[in-house]
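S.K.: structure of the sequence below:
(chains A and B)
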Amino acid sequence: GIQVEQSPPDLILQEGANSTLRCNFSDSVNNLQWFHQNPWGQLINLFYIPSGTKQNGRLSATTVATERYSLLYISSSQTTDSGVYFCAVGSQDSGTYKYIFGTGTRLKVLA
Amino acid sequence: KAGVTQTPRYLIKTRGQQVTLSCSPISGHRSVSWYQQTPGQGLQFLFEYFSETQRNKGNFPGRFSGRQFSNSRSEMNVSTLELGDSALYLCASSLASGSSSYNEQFFGPGTRLTVL
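M.R.: I've put the predicted structure just below:
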């Protein structure tokens, strides 16, 4: 089945720094989402981005489906950005449509 | 619009018992998917329901089952609980159409199940 890898696994930043999170996937996908999981476990939607580029405030994302990767950019990071960031891809696998999650990037922003 | 809701939020059970979790999707959403999150295995897809029918299924044993009602609310049942079933169970709803599952998913806050 499709493999989804995220890098880096852990990231520590000073407040105000910029960062780039990467999501690689091993096969073609039908959709892709980025999420932020808060300390209470809630998955917060950041982007639904099967292809192209989107921006929302200090966050932006780019998916290059033909090259099987997506990037999440965080600019001017704040302590509230801390948490785990997941990408998830939707793909057909043996006749079943599945949403496959990456292992996440754990981000800690220091004041 | 109200988001996805899940009840209960926390649950403690003992081995061998069974448990039922509930999920109410966003109004108008007809697809509900369930996921299990554990520290060791990460986030894994359990199954998806659409129009009261299980449309997609992950690789979990038959002890994990679900159903969907005519109002799109869904329940997940785990029978004969094992210690390894301790996890955060998340449900997601989407505006999936009858022919496609390829829509943005919105997650509920989760039910944290502890099996003793």
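
S.K.: is stretch A:40-48 anywhere near chain B?
M.R.: Yes. Residues of stretch A:40-48 contacting chain B under Cβ under 8 Å from any Cβ of the partner chain: A:Trp40, A:Gly41, A:Gln42, A:Leu43, A:Asn45, A:Tyr48. Using the backbone N, CA and C atoms, a C-beta is placed for each residue, glycine as well.

S.K.: what is the burial count for A:Gly102?
M.R.: A:Gly102: 26 surrounding residues under other Cβ atoms under 10 Å in any protein chain shown.

S.K.: which residues touch it?
M.R.: Listed by Cβ atoms under 8 Å, 6 or more residues apart in numbering or on different chains, the contact partners of A:Gly102 are A:Val4, A:Glu5, A:Gln6, A:Cys23, A:Phe86, A:Cys87, A:Ala88.

S.K.: wait, A:Gln6 touches A:Leu21, no?
M.R.: Yes. The pair A:Gln6 and A:Leu21 passes the contact test of Cβ atoms under 8 Å, sitting 6.8 Å apart.

S.K.: joint contacts of those two?
M.R.: A:Tyr85, A:Thr105.

S.K.: so which bits of chain A are right by chain B?
M.R.: A:30-31, A:33, A:35, A:40-43, A:45, A:48, A:50, A:86, A:88, A:90, A:96-101, A:103-104.

S.K.: narrow those to those that are buried.
M.R.: A:31, A:33, A:35, A:41-43, A:48, A:50, A:86, A:88, A:90, A:96-101, A:103-104 (16 or more other Cβ atoms under 10 Å in any protein chain shown).

S.K.: partner strands of the lowest-mean-pLDDT helix or strand in chain A and their direction?
M.R.: Within chain A, no helix or strand scores below strand A:96-101, which has a mean of 86 by mean pLDDT, DSSP states H and E. Applying DSSP bridges, strand A:96-101 is found paired with strand A:83-93 (antiparallel).

S.K.: for the partner strand, which positions count as buried?
M.R.: A:Gly83, A:Val84, A:Tyr85, A:Phe86, A:Cys87, A:Ala88, A:Val89, A:Gly90, A:Ser91, A:Gln92.

S.K.: what is the nearest of those to B:Phe69?
M.R.: Nearest to B:Phe69 among the buried residues of strand A:83-93 is A:Gly90, at 24.6 Å by Cβ to Cβ.

S.K.: show me what contacts that closest one?
M.R.: Counted by Cβ under 8 Å, 6+ apart, A:Gly90 has contacts A:Val29, A:Asn30, A:Asn31, A:Leu32, A:Tyr97, A:Lys98, A:Tyr99, A:Ile100, B:Ser101, B:Tyr102.

S.K.: list the contacts of the spatially most central residue of chain B.
M.R.: The centroid of chain B falls nearest to B:Trp34 when counting by Cα atoms, centre = their mean (2.9 Å). Contact analysis of B:Trp34 by Cβ under 8 Å, 6+ apart lists B:Cys23, B:Phe45, B:Leu46, B:Phe47, B:Glu48, B:Gly66, B:Ser74, B:Met76, B:Tyr89, B:Leu90, B:Cys91, B:Ala92.
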